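Enquirer: Sequence and predicted structure below; questions after.
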Amino acid sequence: YNDNYDNTGTICDPCLINAVATPTTNNAVQDFCVVDAPTLADIQVNELNIRWYDAATGGVLLADTTPLVDGGVYYAAQFETVNNCESSDRLEITVNVNDAATPTTTNATQNFCVVDAPTVADIQVNETGVVWYDAATGGTAFADTDLLVDGSVYYAALVDVVTGCESSVRLAVTVNVNDAPTPTTTNTTQDFCLIDSPTVADIQVNETGVIWYDAAAGGAVVTNGMPLVDGMIYYGVLTDVVSGCESSTRLAVTINVNDAPTPTTTNATQNFCQVDMPTVADIQVNEVGVIWYNAANGGAVIANTTALTSGTYYASLTDAVSGCESSVRLAVTVNVNDAATPTTTNVTQDFCQVDMPTIADIQVNETGVTWYDAATGGNMLAATTALTDGSIYYASLTDAVSGCESSVRLAVTVNVNDAATPTTTNATQDFCQVDMPTVADIQVNEAGVVWYDAATGGSVVANTTALADGSVYYASLTDAVSGCESSV
């Protein structure tokens, strides 16, 4: 046959002779997701060479790239390519194009802090089960544990629990991951003295408002009032005033809290005598270079030349390397003892040279007095020392318990008086026995002479006593003021 007609007029149509079968499918109602942008090409049929129409018969031929419409009914015809024949019956397929709602958030721009190591799971959305992507469509899904990147936009989709479809329109959230700068210091190893009671606030940094921690990350806040611990590392952060974020990298400062040993002594209670004028330098300690204070803590330095008074003194040493003083001072109790000053009924006392007065003759009201030739210091004078006219003698007592002498001595002024020696025109005088001469006949130039039978001491010889041949008589005068006789 060459034409559609034979010589008898019978129709010879190949599409009728070899009819094309109607396409088949596994599901006459098929579900799709908007997010996948499904087209006619995505409808499942079991055959190839399918043409799609919008009607069961006739209608408009639809391109395979035609997007599917939710609730739409599409009609498939199979065709063969040799004679371009279609199936006379079309396969009817109903399409459901499903979608999930777009997630929502209270803030499309969200701020985080680097120090918190924020992850995708930390982005705020109002729904659960959100899936995050790096693009508005397509892209790569993030794990919830992925760290957030500053300035990035993250895209969220929900999954419909019935259809399994994700949101076709994703929620876009812009993320700012903020940080504060790390504090700085002029020295990452800082030395302090325990005696100064250093606290965290004393750590040197170049910025204000630093917060300190006990760890490089996490850890506990260490308040400014906390005492510093020797050998500990402290970690400082700043807080950004805009974002409120703390430094993600902390400043590490190593702390050395130094101390000097406490001085030692062989006696924590020491006794001194006021008369010795003891000073702070006299307190006994076993070390050199001790500094003395008037208090166990703080207080004022006491110079070594300061006179001791009864009380407690506190000693510290200075460490040669760190320059730190002892945090615990040595306490020494000082007793400065004294004896009472002797007393007398007369601070000016008169004596006669003829009596050969000595120190022992000075009148005091106490026993056991020691005499000196000076108000302080000086030389001790023996009790047998002859008194000197016009001299001042200084007496002290000795305390029976402490052995200390009086710091204030009794001063006694001594007057040693004398009368002039009588004179004569002849030291050898001759008399006649016939005249019965008496002592009154001995020639002297003064009146009121008293005669003795010895140069010193001896007995008074009355004026009426008869002179004895060859005898020596000794004359003295009596001073009218002092009543003293001639010593010579």
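Expert: Received, thanks.
Enquirer: Show me the shaky parts of this structure.
Expert: Counting by pLDDT under 70, the chain contains low-confidence residues at 1-17.
Enquirer: Against residue 319, how distant is residue 261?
Expert: Distance, residue 261 to residue 319, by CB to CB, to the nearest Å: 8 Å. To be clear about C-beta, it is placed using only N, CA and C from the backbone, and glycine gets the same treatment.
Enquirer: How about residue 98?
Expert: Distance of residue 98 to residue 319, given as CB to CB: 81 Å.
Enquirer: Likewise for residue 165?
Expert: Counting by CB to CB, the gap from residue 165 to residue 319 is 77 Å.
Enquirer: same check, this time on residue 367
Expert: Here the criterion is CB to CB. By it, residue 367 lies 55 Å from residue 319.
Enquirer: what's the answer for residue 429, then?
Expert: Between residue 429 and residue 319 the distance is 94 Å, computed by CB to CB.
Enquirer: Could you do residue 184 as well?
Expert: Distance from residue 184 to residue 319, by CB to CB: 29 Å.
Enquirer: And residue 423, by the same measure?
Expert: The gap separating residue 423 from residue 319 is 84 Å, by CB to CB.
Enquirer: which residues does the most centrally placed residue in the chain contact?
Expert: In the chain, the residue lying closest to the centroid (CA atoms, centre = their mean) is residue 198, at 0.9 Å. Listed by CB atoms under 8 Å, 6 or more residues apart in numbering, the contact set of residue 198 reads 192, 227-228, 257.
Enquirer: doesn't residue 37 make contact with residue 66?
Expert: No. Contact criterion CB atoms under 8 Å: residue 66 and residue 37 do not qualify, at 11.4 Å.
Enquirer: So residue 45 is in contact with residue 75, correct?
Expert: No. Contact criterion CB under 8 Å: residue 45 and residue 75 do not qualify, at 11.2 Å.
Enquirer: on that earlier part again, would you mind measuring from the residue nearest to the centre of the chain to residue 206?
Expert: In terms of CB to CB, residue 198 sits 18 Å off from residue 206.
Enquirer: Show me which of residue 98 and residue 319 is the more surrounded one.
Expert: Neighbour count, other CB atoms under 10 Å: between residue 98 and residue 319, residue 98 has more, with 17 against 14.
Enquirer: partner residues bridging that one?
Expert: Beta-bridge pairing for residue 98 (DSSP bridges): residue 33.
Enquirer: picking up where we left off before, for residue 411, state which of the contacts of residue 198 is nearest.
Expert: The shortest approach to residue 411 among the contacts of residue 198 belongs to residue 192, at 57.3 Å (CB to CB).
Enquirer: Neighbours of the closest one, how many?
Expert: Residue 192 has 21 neighbours, counted by other CB under 10 Å.
Enquirer: Could you give the bridge partners of it?
Expert: residue 257.
Enquirer: Now do the contacts for it.
Expert: Residues in contact with residue 192 (CB under 8 Å, 6+ apart) are 198, 202, 228, 255-258.
Enquirer: For it, give its distance to residue 149.
Expert: From residue 192 over to residue 149 (counting by CB to CB), the distance is 42 Å.
Enquirer: swap in residue 251?
Expert: Distance of residue 251 to residue 149, computed by CB to CB: 25 Å.
Enquirer: More neighbours: the two, which one.
Expert: Shown here are residue 251 and residue 149; by other CB under 10 Å, residue 251 has more neighbours (23 against 12).
Enquirer: and the more buried one, what does it touch?
Expert: 182-185, 188, 205, 210, 235-237.
Enquirer: closest to residue 80 among the residues you listed?
Expert: Each of the contacts of residue 251 was checked against residue 80 using CB to CB; the closest is residue 182, at 76.0 Å.
Enquirer: Not counting sequence-adjacent ones, nearest residue to residue 316?
Expert: Nearest non-adjacent residue to residue 316, counting by CB to CB, 6 or more residues apart in numbering: residue 326, 3.8 Å away.
Enquirer: burial measure for that neighbour, as a count.
Expert: For residue 326, using other CB under 10 Å, the count is 22.
Enquirer: Residue 472 too?
Expert: Look at residue 472: counted by other CB under 10 Å, it has 10 neighbours.
Enquirer: SS state for it?
Expert: Using DSSP: H, G, I helix; E, B strand; the rest coil, the three-state assignment for residue 472 comes out as coil.
Enquirer: Which parts of the chain are helices?
Expert: Secondary structure of the chain (DSSP state H): helices located at 14-17.
Enquirer: hang on, the earlier thing: I'd like the contacts of residue 251 written out as a markdown table, with neighbour count and distance to residue 136 added.
Expert: Formatted as a markdown table, the contacts of residue 251 follow (neighbours: other CB atoms under 10 Å; distance: CB to CB, whole Å):
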| residue | neighbour count | distance to residue 136 |
| --- | --- | --- |
| 182 | 16 | 36 |
| 183 | 23 | 40 |
| 184 | 13 | 42 |
| 185 | 17 | 46 |
| 188 | 11 | 47 |
| 205 | 17 | 45 |
| 210 | 23 | 42 |
| 235 | 21 | 41 |
| 236 | 23 | 42 |
| 237 | 22 | 37 |
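Enquirer: Cool, thanks, signing off.
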